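Undergrad: quick one, fold the following:
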Amino acid sequence: MGLHHLPDGRAYVIRPITPGDKPLLRWGLRRASPESIYRRFLGPKPRLTASELVYLTEVDGVDHVALVAVDARRRDVLLGVARWIRDVKDHRRAEMAIFIGDEVQGQGLGTTLARALADTARAGGVERFTATMLAENRAAHRIFVRIATDVQARLNGPYLELVAELVPADRPALAPALAVAA
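TA: Below you'll find the model as predicted:
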């Protein structure tokens, strides 16, 4: 976690989410394009409800972990959010989700957040991430390949269901290109 830089030199901080981040998430969703919202939530999402904000910010840090990336100079500017939620039946699996603000997409923030998230997952005994995403979401596919030794993908209509074996902390290896099973 800590201080990082985008290619343009802009500094940002990755830190655990806190209950006080409810306004930050609300603000971040309002600034996001409808396309980015659709890619993250798999449908339109005009706002986060009060109960959703509680669920997304009041995490236990054990079975539900979330990290935020905020501008280093303006800590009230959300750049991205990443989270994993442990599978109740298989504690070595966790569903992963990531959201990157429009103004910083394509600059490596998603990969940096995903790697930090994978570090917390491995430390908590999680060995693989799962996710459901739009099949056309190539940026999310690339992130999974960068944090995994093996990625299995299954097409389910317009959605892609992924299972990624996390790269061990001592191995920087990348998974091969994503192969999709029908």
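
Undergrad: what's the closest residue to Ala139 other than its chain neighbours sitting at in phi/psi?
TA: Distances taken as C-beta to C-beta, 6 or more residues apart in numbering put Gly110 closest to Ala139, at 6.5 Å, once the chain neighbours are dropped. Every residue, glycine included, has its C-beta placed from N, CA and C. Backbone geometry at Gly110, expressed as degrees, to the nearest 10, gives phi -60, psi -40.

Undergrad: what number of residues lie near Gly80?
TA: 22 (other C-beta atoms under 10 Å).

Undergrad: quick one: it is in a strand?
TA: Yes: using DSSP: H, G, I helix; E, B strand; the rest coil, the assignment for Gly80 is a strand.

Undergrad: who's in contact with it?
TA: If you count contacts by C-beta atoms under 8 Å, 6 or more residues apart in numbering, Gly80 has them with 68-69, 98-101, 104, 109-110, 113.

Undergrad: okay, whichever strand or helix holds Phe129 in PDB with CA atoms only?
TA: Assessed by DSSP states H and E, Phe129 sits inside strand 128-134. Extracted in PDB, the C-alpha atoms of strand 128-134 (Å, rounded to 0.1, in the frame of the first residue of the first chain):
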ATOM      1  CA  ARG A 128      -7.800 -17.700  -5.700                       C
ATOM      2  CA  PHE A 129     -10.000 -14.800  -6.800                       C
ATOM      3  CA  THR A 130     -13.300 -15.200  -8.700                       C
ATOM      4  CA  ALA A 131     -15.200 -12.500 -10.600                       C
ATOM      5  CA  THR A 132     -18.100 -12.100 -12.900                       C
ATOM      6  CA  MET A 133     -17.600  -9.300 -15.500                       C
ATOM      7  CA  LEU A 134     -18.800  -8.300 -18.900                       C
END
